[in-house]
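*Asks:* fold the stuff below for me.
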Amino acid sequence: MVYQSAMNSLNPVKTVSSHIIEVLRQHSKLSKSEALERTMKLLSQVGIRAERANAYSHEMSGGMRQRAVIAMALALSPKLLIADEPTSALDVVYQKQLLQLLKKQVAQDKLSLLFITHEIALVGDIVDNVAVMFAGEIVEKGPSNSVMFDPLHPYTQTLVASILTLDSEREMLRRLNKKDRESRAIPEKGCRFSNRCKYVFDLCRTDKPMLRKVSNDRWVACHKYSS
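*Replies:* Now for the predicted structure:
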């Protein structure tokens, strides 16, 4: 697993390489020299040079710390890599580098990737399928391209509409932000998105919509698609 804050994942009094060596020694039968050799290979794989292997976390940039945590997560050749908002503390340049690294490692090691993020704009190029959650529940899921370019659930539509582009309308974004501030409370009955939804009707306020299949590869929890 790759956690949101790399700084909190690394022991400040241990070098980067010692973290990975410890993982390898605790969970495999590698000798210390074999673990060191494997560690150097892993660090190189994620773009950390050998001379930086004995650096402490405070001596590294945010992007480099996150790379070190990815190397640690890959140490035992997992089948599933869980990345929990790994780019949230990074600027856009490091974000792009990290996403490219994750994409490369997933393809190279044939991993399954569970990528958790609040930024829907990041998912299109890195995952095959998307599950959109609102208030702790899945409201839509399907292939990433379908969800991004043809969102079905009103919440997904709002998320996609809020992505900033050169064509974004300032007034539209202002309205979205104002409506979100005015309707923070989650209804106890019916659809949890009902007090923010422009399509809301009576059934939405009384009955909770179930996640249902609306086509071969699309699922949505919305009364609009219940017929």
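*Asks:* burial check on residue 75, number of neighbours?
*Replies:* When neighbours are defined as other C-beta atoms under 10 Å, residue 75 has 20 of them. Placement of C-beta: from N, CA and C, glycine included.
*Asks:* would you state the strands of the protein in chain order?
*Replies:* Here the chain has its strands, by DSSP state E, at 80-84, 112-116, 129-134, 137-143, 212-213, 219-220.
*Asks:* where does the closest residue to residue 121 other than its chain neighbours land on pLDDT?
*Replies:* Nearest residue to residue 121, sequence neighbours excluded (C-beta to C-beta, 6 or more residues apart in numbering): residue 163, at 4.8 Å. We have a pLDDT of 75 for residue 163.
*Asks:* next one: residue 191
*Replies:* Reading off the model, residue 191 has pLDDT 95.
*Asks:* next, count neighbours for the residue lying closest to it once chain neighbours are set aside.
*Replies:* Excluding its sequence neighbours, the residue lying closest to residue 191 (C-beta to C-beta, 6+ apart) is residue 204, at 4.5 Å. Using other C-beta under 10 Å, residue 204 has 23 neighbouring residues.
*Asks:* the residue nearest to residue 121 and residue 156, how far apart?
*Replies:* The spacing between residue 163 and residue 156, counted by C-beta to C-beta, to the nearest Å, is 12 Å.
*Asks:* who touches both of these two?
*Replies:* Contact criterion C-beta atoms under 8 Å, 6 or more residues apart in numbering; residues shared by residue 163 and residue 156: residue 120.
*Asks:* ok, the residue nearest to residue 191 touching residue 196?
*Replies:* No - if you go by C-beta atoms under 8 Å, residue 204 and residue 196 don't touch, sitting 10.9 Å apart.
*Asks:* with adjacent residues omitted, what lies nearest to residue 10?
*Replies:* residue 57 (4.0 Å).
*Asks:* for that neighbour, give me the pLDDT.
*Replies:* 91.
*Asks:* thought residue 64 was touching it, still the case?
*Replies:* No - using C-beta under 8 Å, residue 57 is not in contact with residue 64; the gap is 9.2 Å.
*Asks:* need the overlap of contacts for those two.
*Replies:* By C-beta under 8 Å, 6+ apart, residue 57 and residue 64 have no common neighbours.
*Asks:* quick one: the residue nearest to residue 10 from residue 108, how far?
*Replies:* Taken as C-beta to C-beta, the span from residue 57 to residue 108 is 26 Å.
*Asks:* counting neighbours, go ahead and name the busier of those two.
*Replies:* residue 57 (21 against 10).
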